[in-house]
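**Q** Predicted structure and sequence below. I'll ask about it afterward.
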Amino acid sequence: MPVPAYPEFPTNVPTHPLLVVDYDLIKKGDKEEIDVLWKAATTLGFWYMKNHGAEEDVNGMFDMGAETMELPLEEKMKYEQGNEGSSFGYKYAGANAVNADGEPDKNEFINIAKDDALAWPKQARRSYPSTVNNRMENTIIPFVKKSVEINNTILGVFNAKLGLPEGTLEKLHSWEEYSGSEARTIKAPKNLPAGRQALGAHTDFGSLSFLHNRLGGLQVLPPGVDEWQYVKPMPGHAICNVGDALALLSGGILHSNIHRVFPPPGAQAGFDRWSQVFFTRPGNSVVLRPLSDQSADIAEAVDKLTEEQRAAMNPGATALEWFNRRLKNQRLKNRKGPETWLASRGTEQGRV
Ligand SMILES: O=C(O)CCC(=O)C(=O)O
Ligand SMILES: [Fe+2]
């Protein structure tokens, strides 16, 4: 896809600054850089990450996304994710609610399971459009492998910082067990009316998200703040964030923050908005609960919670059940009323 010369993010729009983490230094075990990552992950739960080495793979994924979204809707619908709580495949714009009123979203997704990329040329979870199959070897597998490696490195850092026995988080996010881990390419159409949400407010369902934006639109509602603020895309910097699964496993030490997508600000609104994400999620059978029995720090964090908070930390669900419930109740086809939206909520409960 020839990348258009996008207009600059406007200077008069308030943005939320994120800490910048240098992945190269993290990989080398640099203590100061690890402290920056830890600070980001335990406060806002979002950070910029540079020197990750995935830029070229991300551009390839955007090409794959453009080729896929150009297919006739009828062709894409053969691969639609459906209403049963599975995410893999195509999602048409308007399939999900963005709020309790049932306002439809504006994003198309193509979601490719990590398990399918790793099993290729065998099929593990589902089939995909030809535009995906054609780029599996040269584009998707390299992007998935690199993203898994990066997110696993970060999990290793968190594992040590949380005082967990070595390899604990790695085992809960194994290569072998099927999981909800997936690559997602997102397209929101240009010229959406200002104030129209492309993607509703949510916390991410899994453990870690590795996101690449070219245009603005992503907004966060920082803890203790009542105003949504844009996160400005920075060339060469991924936007990374903690999801619900890690928040629960860590007893709330790691923070999964609420975010949403609005139309890009200023002159950027006149362009289609593309995002590329890789979501690392725990193995399907992993029970989401604080790992207090394996870490004194997590046990201590849980001790400080109120009864209500502690109950919310123990939803009595596996990663697969948590994921299915949230997805299913976002789908407008499953909507009965505002209670369906409420049933789709995760650790962001109470904020919107
Ligand atoms: O498009 C974006 O910038 C964010 C997408 C997102 O939050 C998601 O897919 O979970
Ligand atoms: Fe998200």
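**A** Received the coordinates, thanks. Ligands and ions are numbered 1, 2, ... in the order given.
**Q** Mind pulling the model confidence for the spatially most central residue of the chain?
**A** With distances taken as Cα atoms, centre = their mean, residue 209 lies nearest the centre of the chain, 4.0 Å away. We have a pLDDT of 98 for residue 209.
**Q** And the one 5 residues further on, by the same measure?
**A** What the model reports as pLDDT for residue 214 is 94.
**Q** Could you point out the helix or strand that follows the strand or helix carrying the residue nearest to the centre of the chain?
**A** Using DSSP states H and E, residue 209 maps to strand 208-213. Moving toward the C-terminus from strand 208-213, the next helix or strand (DSSP H and E) is strand 218-220.
**Q** Show me what the mean pLDDT comes to for that following strand.
**A** 96.
**Q** and the stretch 201-350 of the chain, which of its residues are near ligand 1?
**A** Counting by Cβ under 6 Å from any ligand atom, the residues of the stretch 201-350 of the chain close to ligand 1 are 204, 211, 213, 217, 218, 259, 261, 275, 277. Heads up, the C-betas are built off the backbone N, CA and C, glycines and all.
**Q** Which strands or helices does the helix or strand that contains the last one pack on?
**A** Same thing as residue 277. According to DSSP H and E, residue 277 maps onto strand 273-280. For strand 273-280, the elements it packs on are helix 55-69, helix 141-161, strand 182-188, strand 208-213, judged by 3 or more Cβ pairs under 8 Å, 6 or more residues apart in numbering; DSSP states H and E.
**Q** Report the inter-axis angle for the first one versus strand 273-280.
**A** An angle of 110 degrees separates the directions of helix 55-69 and strand 273-280 when computed by axes from the mean of the first three to the mean of the last three Cα atoms, to 10 degrees.
**Q** Next, the buried residues of the next helix or strand after helix 55-69.
**A** Counting by DSSP H and E, the next helix or strand C-terminal to helix 55-69 is helix 73-77. Within helix 73-77, the residues that count as buried by 16 or more other Cβ atoms under 10 Å are residue 76.
**Q** Next secondary structure element downstream of helix 73-77?
**A** strand 89-91.
**Q** what's next to that following strand, contact-wise?
**A** Here strand 89-91 makes contact (Cβ atoms under 8 Å, 6 or more residues apart in numbering) with 68, 76-77, 79-82, 107-111, 126, 128-129.
**Q** how does it look with 10 Å?
**A** By Cβ atoms under 10 Å, 6 or more residues apart in numbering, the residues outside strand 89-91 that reach it are 68-69, 71, 73, 75-82, 105, 107-113, 125-129, 132, 182, 184, 186, 327, 330-331.
**Q** No further queries at this time; thank you.
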